[in-house]
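build me a model:
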Amino acid sequence: MLHRVEGIVIRSMDYGEGNAIITLCTENAGKVGVLVRGAKKARSRHAALIQPFTVGQFVFFRNNGGLGTLNSGEITESHHPLREDLVKAAYSCYACELLDRVLHDEETGSFWFRQLAACLTALEEGKEPGVIINVYEMKILQAAGYGPQLEQCVICGQERPDDQLLISPRLGGVLCRSCKHNDPPAMEISPRSLKLLRLFAKLDLTRLGNVDVKADTREELKKVMRAIMDFQLGLRLKSQNFLDQLDKYNI
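So this is what the prediction gives:
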């Protein structure tokens, strides 16, 4: 059966002599694997289609599920600048790998596609990558059913002043100091960072403007979101390790 989809290349790997297999996050067909014959050979007309972060129209044959075989394709957005910049490439790889690990094969819904597309566009436009990724992570958590509870204490359900709240990555939300005994390692969080997390929970990446966040707040948000992601999703991503190395050397 012939399929025509709009998709984003979230993974590309060599296969056999001169071939490649790409994984697409599509708008209406979920996550799809497609074999691209001859893509690695010189002068291949499909060489550009297998590049990570590429957005395009893909036409492929597939029978009864499984791997498809590309027939033709047309690029609508190459995102070439993302591959030329080390930092942008690192964050883009993380966004794609995270979605690849969370999204099940052929899980439908345009939400995943739209959020990734918006994330890559924002990174290419030069918006603060740490903030972009934190908003993206929040959208991933929410869509996967792990969105944190940020308004009331996850234990007693009471609303407290922001300066009396902690954040519990293990319990998945804010914790008042009266309930801290339920999770002694709960993290301190500043009212400013908590307000931004609430904003991230309400924002849609497709409508994100410029968000000005101070360096110390960005660092706090990164630590909090990393802890929440680790506890709630428990993923170990190669791209995250690379981002950690960039942080280590202040790149």
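
quick one: the helices in this structure?
With DSSP state H as the definition, the chain shows helices at residue ranges 80-84, 86-102, 110-124, 129-143, 191-202, 215-232, 238-248.

now those helices as TSV including mean neighbour count, mean pLDDT and distance to Asn64?
C-beta: built from backbone N, CA, C; applies to glycine. TSV is the format used below for the helices of the chain (neighbours: other Cβ atoms under 10 Å; pLDDT from 0 to 100; distance: least, Cβ to Cβ, whole Å):
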stretch	mean neighbour count	mean pLDDT	distance to Asn64
helix 80-84	15	96	35
helix 86-102	20	96	23
helix 110-124	21	94	24
helix 129-143	22	95	28
helix 191-202	17	96	40
helix 215-232	18	95	35
helix 238-248	14	89	32
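
turn those helices into TSV, including distance to Ala29.
As requested, the helices of the chain are exported to TSV (distance: least, Cβ to Cβ, whole Å):
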stretch	distance to Ala29
helix 80-84	24
helix 86-102	15
helix 110-124	10
helix 129-143	17
helix 191-202	28
helix 215-232	27
helix 238-248	24
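
and of these, who's closest to Asn182?
Ranking these by distance to Asn182, with Cβ to Cβ as the measure, places helix 215-232 first at 14.4 Å.

which residues sit against that closest one?
With contacts defined as Cβ atoms under 8 Å, 6 or more residues apart in numbering, helix 215-232 is touched by 128, 130-131, 134, 137-138, 141, 146, 148, 167, 169-170, 172, 187, 189-190, 192-193, 196-197, 213, 235.

mind checking which of the helices of the chain is nearest Gly30?
Using Cβ to Cβ, the nearest of the helices of the chain to Gly30 is helix 110-124, at 8.1 Å.

about what we covered before: among the helices of the chain, which comes closest to Asn71?
When the helices of the chain are ranked by distance to Asn71, counting by Cβ to Cβ, first place goes to helix 110-124 at 20.9 Å.

and the closest one, what does it pack onto?
Counting by 3 or more Cβ pairs under 8 Å, 6 or more residues apart in numbering; DSSP states H and E, the packing neighbours recorded for helix 110-124 are strand 2-15, strand 19-26, helix 80-84, helix 86-102, helix 129-143.

now do the buried residues in the first one.
Buried positions in strand 2-15, judged by neighbour count with 16 or more other Cβ atoms under 10 Å: 5-12, 15.

distance to Arg207 for the helices and strands packed on helix 110-124 - can I get that in a markdown table?
A markdown table is the format used below for the helices and strands packed on helix 110-124 (distance: least, Cβ to Cβ, whole Å):
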| stretch | distance to Arg207 |
| --- | --- |
| strand 2-15 | 19 |
| strand 19-26 | 20 |
| helix 80-84 | 21 |
| helix 86-102 | 18 |
| helix 129-143 | 11 |
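
and these: which comes nearest Ala117?
Nearest of those to Ala117, taken as Cβ to Cβ: strand 2-15 at 6.3 Å.
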